[in-house]
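Need the 3D shape of this:
(one chain, ligands or ions: 1)
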Amino acid sequence: MECRVNEDWAAWPAPDRPPQLLSGEAHVWWLPRDASSRGAVDTILAGYLEIAAIRLKISRGVRGKPAIENDPSLHYNVSHSRDVLLLAVTRFEAVGIDVESLDRRVDYQRVAQRFFSPAEAALVRGGGCERFFTIWSRKEAFLKGIGEGIAFGMNRFSVTLEPGVSPVDWDGTPWFLHPLPPIPGKISALALPVERLRLRCFRPVVQSREGGVECVPLQS
Ligand SMILES: CC(C)(COP(=O)(O)OP(=O)(O)OC[C@H]1O[C@@H](n2cnc3c(N)ncnc32)[C@H](O)[C@@H]1OP(=O)(O)O)[C@@H](O)C(=O)NCCC(=O)NCCS
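Sure thing, here's the model as predicted:
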């Protein structure tokens, strides 16, 4: 089945200076994924901290979730799929993000049957791969938000295909899945325990340079 590809670049403007990140906001960065993307992520995170990227200190939780040691109030999460890397940054609230490529070869009916809740598997049965990846990315974004990862068990909770913000219950704490502006050929989701969120999305201008690329607006 052919999956729809959206072309909407305007929703991802290039910022002209390091953005201020306020409580109740989430910043999502769309970066090209290549050998330099780890450096670009460090540069952006260091931009929030107003330090040189080399001074950035990242630690990992028991299940591998990265955290910023320099300033524990600043949270971030990354996801990559083929040529795209998404970086989400928030202040005070944990965050999880996921991006999936629609052209990934997956026996999605089988995967849904095995790993999704019965309600989600039924939604996939009645639709195509776009529905599968929408549910998958919502589930994975949530599992990355709480830091558990996939090992937690994908069928221990359910998400919906409702447009807009949708809730997930986590141990009494409501989490919310937020849609992101479309990226051609991708499906993505953002999860955090905030319902009324100011979402700002950026796509930095990237210039080719000898030995890689550089995110222009956020040099440290
Ligand atoms: C986290 C996980 C869902 C990532 O899945 P994926 O589809 O391969 O990858 P994505 O591109 O979406 O995300 C990868 C990024 O997620 C982040 N990440 C890793 N573990 C994470 C976790 N537990 N929670 C949140 N984010 C995590 C990392 O930044 C990683 O990127 P990096 O390694 O380049 O820094 C999956 O690897 C997982 O479930 N890990 C948990 C493994 C686990 O339980 N280990 C137990 C060790 S005892």
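
Specify the local secondary structure of residue 158.
coil (DSSP: H, G, I helix; E, B strand; the rest coil).

which ones are touching the residue in the chain positioned nearest to the ligand?
Residue nearest to the ligand within the chain: residue 149 (2.6 Å; Cβ to the nearest ligand atom). Glycine gets a C-beta too; all of them are placed from N, C-alpha and C. Shown in contact with residue 149 (Cβ atoms under 8 Å, 6 or more residues apart in numbering): 63-65, 143.

Now do it against residue 78, distance only.
Residue 149 sits 13 Å away from residue 78, going by Cβ to Cβ, to the nearest Å.

which residues in this structure form helices?
For the chain, the helices defined by DSSP state H cover 37-49, 108-115, 118-125, 129-145.

Which neighbouring elements make contact with the third one?
Other helices and strands packing on helix 118-125, by 3 or more Cβ pairs under 8 Å, 6 or more residues apart in numbering; DSSP states H and E, are helix 108-115, helix 129-145.

ditto for the first one
With contacts defined as 3+ Cβ pairs under 8 Å, 6+ apart, the packing partners of helix 37-49 are strand 25-32, strand 74-81, strand 84-91, strand 212-215.

quick one: which of those strands is nearest residue 105?
Shortest distance between residue 105 and the helices and strands packed on helix 37-49, using Cβ to Cβ, is found for strand 74-81: 13.1 Å.

pull the CA atoms of that closest one into PDB?
What follows is strand 74-81, C-alpha atoms only, in PDB (Å, rounded to 0.1, in the frame of the first residue of the first chain):
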ATOM      1  CA  LEU A  74      16.400  20.900  30.800                       C
ATOM      2  CA  HIS A  75      15.000  17.600  29.300                       C
ATOM      3  CA  TYR A  76      15.500  16.200  25.900                       C
ATOM      4  CA  ASN A  77      14.900  13.200  23.700                       C
ATOM      5  CA  VAL A  78      16.000  12.200  20.200                       C
ATOM      6  CA  SER A  79      14.700   9.900  17.600                       C
ATOM      7  CA  HIS A  80      16.200   9.000  14.200                       C
ATOM      8  CA  SER A  81      14.800   7.300  11.200                       C
END
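
Contact residues of this protein facing the ligand?
Proximity of the chain to the ligand (Cβ under 6 Å from any ligand atom) is limited to residues 63-66, 77-80, 96, 98, 140, 143-144, 147, 149-151.

Among these, name the buried ones.
65, 77-80, 96, 98, 140, 143-144, 147 (16 or more other Cβ atoms under 10 Å).

And the lowest mean pLDDT element among the helices and strands of this structure?
strand 212-215 (a mean of 40; mean pLDDT, DSSP states H and E).

Pick out the residue closest to the middle of this protein.
In the chain, the centroid-proximal residue (Cα atoms, centre = their mean) is residue 97; its distance is 2.3 Å.

That one touches residue 81, doesn't it?
No. Using Cβ atoms under 8 Å as the test, residue 97 is too far from residue 81 to be in contact (11.0 Å).

weakest of the helices and strands packed on helix 37-49 in terms of mean pLDDT?
If you rank those by mean pLDDT, strand 212-215 sits at the bottom with a mean of 40.

Tell me where the model's unsure across the protein.
Scanning the chain for pLDDT under 70 picks out 1-10, 16-18, 205-220.

quick one on the thing from earlier: tell me which of the helices and strands packed on helix 118-125 is the most buried.
Ranked by mean neighbour count under mean count of other Cβ atoms under 10 Å, the helices and strands packed on helix 118-125 are led by helix 129-145, which reaches a mean of 24.
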